[in-house]
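1. Following is a predicted model, sequence given first.
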Amino acid sequence: MIVDKISRYIKDNLVANNLSGILPERSEALRVEVEQLAGHIFTRQFLTAEAEAAKGQIRLSACGRCPRQQAYVYHGFEKAGKELDQRAKTVFFMGDMVELLIIALARLAGCNVVDYGMEQKTVKLTVGGVEIEGHPDGRIIADDGQEFLLECKSASSFAYERFERGDIDESYVAQINAYLEAIGLDNCCLVFINKDSGVMCEKIVKRDPNAMLLIKANLLSVIKSTPEQLPTQPYQPDEKGLLPWQCRYCSYWKTCWPQAEEVLVKKSYKLQVKI
């Protein structure tokens with residue numbers, strides 16, 4: 001849907017378009033748009049303060065994450081754990097730039113992409129009487145007129161190979177299903193780019209009613225919780241007391257696991273709970 005068109009465009013048209021040294025009007029307009037969006041992304045990530053989620057707010061983009069983590073945000077707990085450092089900001093910036101790259105190339109190749117970039121739409125899903133907002137990457141209208149949600153992700157070689165085999169991270173599946181439910185679409189075109197090699201791959205993710213039931217149940221557990229009665233911890237230590245990587249990268253792990261400490265295991269740090 002997207003990847004094949006991008007590959008064909010680059011193979012058949014890129015050299016021809018540059019022979020004269022003058023870009024066609026449509027391509028020039030897209031170039032200017034990319035420059036503006038790249039500048040906006042850089043400003044948001046590195047030149048302005050990070051916008052914190054307000055107390056009582058949940059985001060659809062996080063609906064597949066740990067419910068307890070979301071509850072800490074929802075009830076306004078002070079962060080005590082993984083801090084937003086240079087590495088995290090760089091990863092966020094690269095993710096935004098990958099989204100920009102894929103959509104720009106898709107449009108250059110003739111794909112009909114809408115509701116992206118500065119025109120990104122805010123969608124809402126009501127759960128337990130609470131409106132939860134999200135911002136999908138965009139929508140693509142296929143040649144036959146069918147509409148698809150569009151989501152773009154970057155991945156390491158390991159994660160990319162899993163994606164090629166059809167193994168899609170549960171958090172992505174949850175996010176996509178929440179967006180599909182909010183928009184009223186049935187399918188999503190999910191595009192991955194291997195950040196080590198630049199190769200792209202896409203999968204069509206279909207709306208899953210069972211996944212949506214689980215998402216709503218998790219969101220309700222957050223909405224109905226109180227600061228004193230939080231959702232149960234979905235991640236538990238293994239036989240060595242080691243918590244999974246999700247906990248290590250959580251901004252609230254010190255509150256959630258006050259008895260845990262960072263330990264060096266081989267070449268990476270992990271959280272360990274004394275047993």
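-> That came through, no problem. None of these values were measured; they are calculated from a predicted model. Residues are numbered from 1 along each chain as shown.
2. This protein: helices as residue ranges?
-> Counting by DSSP state H, the chain has helices at residues 3-12, 14-17, 25-42, 67-74, 86-108, 157-164, 170-183, 209-223, 245-248, 253-256.
3. And those helices: which comes nearest His135?
-> helix 170-183 (9.0 Å; CB to CB). Placement of C-beta: from N, CA and C, glycine included.
4. packing partners for that closest one?
-> Contact analysis of helix 170-183 by 3 or more CB pairs under 8 Å, 6 or more residues apart in numbering; DSSP states H and E lists strand 123-127, strand 130-134, strand 147-155, strand 187-194, helix 209-223 as its packing neighbours.
5. per-stretch mean pLDDT over the helices of the chain, give me the minimum one.
-> When the helices of the chain are compared by mean pLDDT, helix 14-17 comes last with a mean of 57.
6. Send me stretch 201-219 as CSV with only the CA atoms.
-> The C-alpha coordinates for stretch 201-219 follow below in CSV (Å, rounded to 0.1, in the frame of the first residue of the first chain):
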residue,chain,number,x,y,z
CYS,A,201,7.8,-3.1,6.0
GLU,A,202,4.1,-2.7,6.4
LYS,A,203,1.3,-4.8,7.9
ILE,A,204,-2.5,-4.4,7.9
VAL,A,205,-3.8,-4.6,11.5
LYS,A,206,-7.5,-5.3,11.7
ARG,A,207,-9.8,-4.0,14.3
ASP,A,208,-10.1,-6.6,17.1
PRO,A,209,-13.2,-6.5,19.4
ASN,A,210,-11.5,-8.7,22.0
ALA,A,211,-8.5,-6.4,22.2
MET,A,212,-10.9,-3.5,22.6
LEU,A,213,-12.6,-5.2,25.6
LEU,A,214,-9.2,-5.6,27.3
ILE,A,215,-8.3,-2.0,26.6
LYS,A,216,-11.5,-0.6,28.1
ALA,A,217,-11.1,-2.9,31.1
ASN,A,218,-7.6,-1.5,31.7
LEU,A,219,-8.7,2.1,31.2
